[in-house]
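A.B. asks: Let's see this in three dimensions:
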Amino acid sequence: MSSNAEAMATAFEQDGGPDLSAGSGKRTKAERVEHKHSSQPGGDTRKVVQTASNGEAKRKEKW
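C.D. replies: Residues are numbered from 1 along each chain as shown. Next up, the predicted model:
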């Protein structure tokens, strides 16, 4: 005789459980990490150049 928990586990394995993706509209933690670290068209170069140019502008403002 199988318990209710075993029946629920079997049903979950067969259909994958409830669809939770249509809830808040936000990314899951795994999706956020994947998006943040995915290859960008400009790569890291754009970020480095932006940081360098911002630093130069700040140094010019100081003097």
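A.B. asks: for the protein, which spans come out with low pLDDT?
C.D. replies: Counting by pLDDT under 70, the low-confidence segments of the chain come to 1-2, 16-24, 37-43, 63.
A.B. asks: Where do the helices of it begin and end?
C.D. replies: Here the chain has its helices, by DSSP state H, at 4-15, 29-36, 45-62.
A.B. asks: possible to save those as a markdown table with mean neighbour count?
C.D. replies: For the C-beta atoms, the positions are set from N, CA and C on the backbone; glycine is no exception. Shown next, in a markdown table, are the helices of the chain (neighbours: other CB atoms under 10 Å):
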| stretch | mean neighbour count |
| --- | --- |
| helix 4-15 | 10 |
| helix 29-36 | 10 |
| helix 45-62 | 10 |
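A.B. asks: How about the contacts made by residue 53?
C.D. replies: By CB atoms under 8 Å, 6 or more residues apart in numbering, the contact set of residue 53 is empty.
A.B. asks: So it versus residue 10, what's the distance?
C.D. replies: Using CB to CB, to the nearest Å, residue 53 is found at 59 Å from residue 10.
A.B. asks: Next: residue 44.
C.D. replies: On the measure of CB to CB, residue 44 and residue 10 end up 47 Å apart.
A.B. asks: Kindly report the same for residue 51.
C.D. replies: 54 Å.
A.B. asks: again, but for residue 25
C.D. replies: In terms of CB to CB, residue 25 sits 31 Å off from residue 10.
A.B. asks: same thing with residue 49?
C.D. replies: 55 Å.
A.B. asks: repeat for residue 28
C.D. replies: 25 Å.
A.B. asks: got it, and residue 54?
C.D. replies: For residue 54, the distance to residue 10 - CB to CB - is 57 Å.
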